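>>> just to be clear, the model below is a prediction. Sequence and coordinates:
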Amino acid sequence: MIQNQRGVEGPRDLDHGTTPPDGRPIAEQPKWRRDFPIDWAQDEYVSRRELVKFIVLTSAALVVGQFWIVFKSTFSRRPALSTAAPIARVDELSIGGAKTFTYPEGSTPRLLVKTGANSFVAYDQQCTHLLCPVVPAFELGRLHCPCHNGWFDLETGRPVAGPPQRALPRVRVEVRAGTVYATGVEESTA
Amino acid sequence: MIQLDYVDRAHSTQTVPVVCMHCDSPTCAEVCPADAIKRTEDGIVQTARKPRCIACNNCVLACPFGVPKMQTKMNLMMKCDMCYDRTSVGLKPWCASACPSQALAFGTRDEMARLRPHAKPVNTFQFGMQTIRTKVNIMIPRDTAVEIVDVTAAMHEPTIGHEILDDVFAATPGGGDA
């Protein structure tokens, strides 16, 4: 075997690609020869088999991913918090007033809204669209996310307008002897 | 892939590695219906690409030098590709690396000229009506006028080891009719 190097017959010309059998230049060749070149560098054709393989594997990955999400949400539900924590006094807020708090300690900010003389609702403050903080719009009976004009129902936390699709996670609250306690978090499911 | 052919198995252990000649216009690739055989920029004709090869054997039948081999277990044509994975990074092909006695050698044109001072390289072959130019050269005596090697010229001469076949036919009652 002889390599392409300077040798007994002087320098060999470099390879100019595959020669068609009839020896005519590539411009004079039929179109199929340009479409299916023998030269590796010019080969851009994706075979049916490669395409089918890609589609099947990608679809399989999507299916597995869906099942994984179902599995995860079914079996790895975090245990509900049962310890109550005081978050505000009843007379601290006027009706329609709001306050942020964390529950449990170190959580993302939660929003407590006083809806009546002795009734409160509390939600996670992060909008379920893109995590902007929501603000109460008490007169409308809603919570408003100003980032993308998203609206949530104040009583249930469900989205009513704008981009959000899921309800705000609700924090269960309880009034005991003039103090508001948070007793648990209901993760958003819808 | 290293492919070895026995020269005369009954009488000798000598083998011949069937190295690919790396044609400028590779017949194997020309006849491939699945567009599976590709030639790299440095002129090395590769083993059929696994995602494309349909194991149709066209290349095996078409190659004038008998290089491609069908690996039926893999449904893939494999052939000598000058051990492209090794030679492209400066190593010798496996056949030349493994040969303990340097009966198979791999070197530059200069080294070959020094080893074979009375020979000259020829890389043009005639196969029927087809003229084939190859990247691989064969060495022929320097003082011959031959410029083109006729691959099929010896086709009608008795093959090496023909005595065995002759014996088989001779042993058949009634001559070669059976």
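Thanks, I have it.

>>> relative to chain B, how far out is A:Asp124?
Distance of A:Asp124 to chain B, given as Cβ to the nearest Cβ, to the nearest Å: 50 Å. For glycine as for every other residue, the C-beta is placed from the backbone atoms N, C-alpha and C.

>>> sorry, slip of the keys, the one I care about is A:Gln126.
Distance from A:Gln126 to chain B, by Cβ to the nearest Cβ: 47 Å.

>>> who's that residue bridged to?
Beta-bridge pairing for A:Gln126 (DSSP bridges): A:Pro133.

>>> what parts of chain B come near chain A?
B:19, B:24-26, B:29-30, B:34-35, B:37-43, B:46, B:51-52, B:82, B:93, B:96, B:106-110, B:112-113, B:120-121, B:130, B:133, B:135-137 (Cβ under 8 Å from any Cβ of the partner chain).

>>> kindly give a single ChimeraX line that selects the buried subset of these.
The buried subset of these, as determined by 16 or more other Cβ atoms under 10 Å in any protein chain shown, is captured in ChimeraX by this line:
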select /B:19,24,25,26,29,30,34,35,37,38,39,40,43,46,52,82,93,96,106,107,109,112,113,120,121,135,136,137
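
>>> from the residues of chain B next to chain A, which land in helices?
B:Ala29, B:Glu30, B:Ala96, B:Arg109, B:Asp110, B:Met112, B:Ala113 (DSSP state H).

>>> and those residues, which is closest to B:Asp150?
Using Cβ to Cβ, B:Glu30 is the member of these that lies nearest B:Asp150, at 20.7 Å.

>>> thought the closest one was touching A:Pro21?
Yes - B:Glu30 is in contact with A:Pro21 according to Cβ atoms under 8 Å; the separation is 6.3 Å.

>>> follow-up on the earlier one: closest to chain A out of the ones in helices among the residues of chain B next to chain A?
When these are compared for distance to chain A (Cβ to the nearest Cβ), B:Arg109 wins out at 2.7 Å.

>>> which ones are touching the residue at minimal distance from the centre of chain B?
Closest to where the C-alpha atoms of chain B average out (Cα atoms, centre = their mean) is B:Val18, at 3.8 Å. Contacts for B:Val18 (Cβ atoms under 8 Å, 6 or more residues apart in numbering or on different chains) come out as B:Gln3, B:Leu4, B:Asp5, B:Phe65, B:Gly66, B:Val67, B:Cys80.

>>> relative to B:Cys53, how far out is the residue nearest to the first one when sequence neighbours are not counted?
This means B:Gln3. In this structure, B:Gln3 finds its nearest non-sequential neighbour in B:Val18, 4.4 Å apart by Cβ to Cβ, 6 or more residues apart in numbering or on different chains. Counting by Cβ to Cβ, to the nearest Å, the gap from B:Val18 to B:Cys53 is 19 Å.

>>> same check on A:Thr108?
The spacing between A:Thr108 and B:Cys53, counted by Cβ to Cβ, is 56 Å.

>>> do the same with B:Val7
30 Å.

>>> so if I had to pick from the two, which one is more boxed in?
B:Cys53 (23 against 13; other Cβ atoms under 10 Å in any protein chain shown).

>>> hang on, isn't A:Pro133 packed against A:Gln126?
Yes - contact status for A:Pro133 versus A:Gln126: in contact at 6.7 Å, counting by Cβ under 8 Å.

>>> and these two? Which one has more around it.
Between A:Pro133 and A:Gln126, counting by other Cβ under 10 Å, A:Gln126 is the more crowded of the two (18 against 15).

>>> so who does that one touch?
With the criterion set at Cβ under 8 Å, 6+ apart, A:Gln126 makes contact with A:Thr108, A:Pro109, A:Cys132, A:Pro133, A:Val134, A:Leu168.

>>> ok, those vs chain B, which is closest?
A:Cys132 (47.5 Å).

>>> what sits closest to the closest one if chain neighbours are left out?
Using Cβ to Cβ, 6+ apart and skipping residues adjacent in sequence, the residue nearest A:Cys132 is A:Cys147, 3.7 Å away.

>>> name the helix or strand for the one you found, please.
A:Cys147 belongs to no helix or strand when elements are defined using DSSP states H and E.

>>> next one: the one 4 residues further on
A:Trp151 is part of strand A:150-153, with elements assigned from DSSP H and E.

>>> strand partners of that strand, parallel vs antiparallel please.
Within its sheet, strand A:150-153 is paired with strand A:142-145 (antiparallel), strand A:159-161 (antiparallel), according to DSSP bridges.

>>> ok so, going back, how far away is the residue nearest to B:Gln3 from chain A?
B:Val18 sits at a distance of 13 Å from chain A (criterion: Cβ to the nearest Cβ).

>>> can you pull the contacts of B:Cys20?
Neighbour list for B:Cys20: B:Val45, B:Phe65, B:Val67, B:Lys79, B:Cys80, B:Asp81, B:Met82, B:Val136 [criterion: Cβ under 8 Å, 6+ apart].

>>> just give the number of residues close to the residue lying closest to it once chain neighbours are set aside.
Leaving aside its chain neighbours, B:Cys20 sits nearest to B:Cys80 (4.1 Å; criterion: Cβ to Cβ, 6+ apart). B:Cys80: 26 surrounding residues under other Cβ under 10 Å.
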